[in-house]
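J.: any chance you could fold what I've pasted below:
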Amino acid sequence: MGKVNVKIGGIGHSDQYDPLETSSLGDCVCLVAYDKNKKVGSMYHLVTTSCRSGPAENITIDAKPLKAAKGKLDKAFKSVHAKGAKVTSYHIKLGKEWTANSFLKGEPNKAFTAACKSVFSVAPKLSGTKATFHPGTGKLT
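T.: Prediction:
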């Protein structure tokens, strides 16, 4: 049993025995596609520079790159996991810059949270610089 390291901008895949892990989540986010029945998952370390614009105190979000990321993650998930595996849920973890900014006062960016809810039907969780997903339990820490 080992862990699967997902590099910046990369996608990794695993089953219930090996956790997926990524680090260097600054202004990036961790996206996870998960099949709770088969206990398999795929993680995408998404660099969010194409999603955001504007000054730190008033960032605007473009959901199109998030939709493209969802499509890329879904396609990768389906191509790697055994036939019959399907995405039953998504998990998202924000990098520290999405909450550490002095204008955000420790709260997640509302525009980015709304975009995630719209595209993935789930709100992101707060994070530091690292994220680990355990396909066996469905937990993102």
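
J.: can you give me the buried ones in the longest helix along the chain?
T.: Identified as the longest helix of the chain according to DSSP state H is helix 64-80. Buried residues in helix 64-80, counted by 16 or more other C-beta atoms under 10 Å: Pro65, Leu66, Ala69, Lys70, Leu73, Asp74, Ala76, Phe77. For every residue, glycine as well, the C-beta is placed using N, CA and C.

J.: ok, the most centrally placed residue in the chain to Lys83 distance?
T.: Nearest to the centroid of the C-alpha atoms of the chain, with distances taken as C-alpha atoms, centre = their mean, sits Leu31, at 1.6 Å. Distance, Leu31 to Lys83, using C-beta to C-beta, to the nearest Å: 23 Å.

J.: so the residue nearest to the centre of the chain, which state does it fall into?
T.: Classification of Leu31 using DSSP: H, G, I helix; E, B strand; the rest coil returns strand.

J.: 47 is where my numbering starts, stick with that
T.: Shifting the count to begin at 47 puts that one at Leu77.

J.: how far away is Ala79 from Val133?
T.: 5 Å.

J.: Pro170 too?
T.: 17 Å.

J.: between these two, which has more neighbouring residues?
T.: Pro170 (25 against 20; other C-beta atoms under 10 Å).

J.: where's the spatially closest residue to that one that is not a sequence neighbour, which helix or strand?
T.: Once flanking residues are discounted, Pro170 sits nearest to Ile138: 3.9 Å by C-beta to C-beta, 6 or more residues apart in numbering. Per DSSP states H and E: Ile138 is located in strand 135-140.

J.: now swap in His59 and tell me
T.: Applying DSSP H and E, one finds His59 within strand 57-60.

J.: any idea how many residues pack against His127?
T.: His127: 20 neighbours (other C-beta under 10 Å).

J.: would you mark the buried spots in the helix or strand bottoming out on mean pLDDT in the chain?
T.: Ranking every helix and strand in the chain by mean pLDDT, DSSP states H and E puts helix 143-146 at the bottom, with a mean of 74. Of the residues in helix 143-146, Glu143, Trp144, Thr145 count as buried by neighbour count, 16+ other C-beta under 10 Å.
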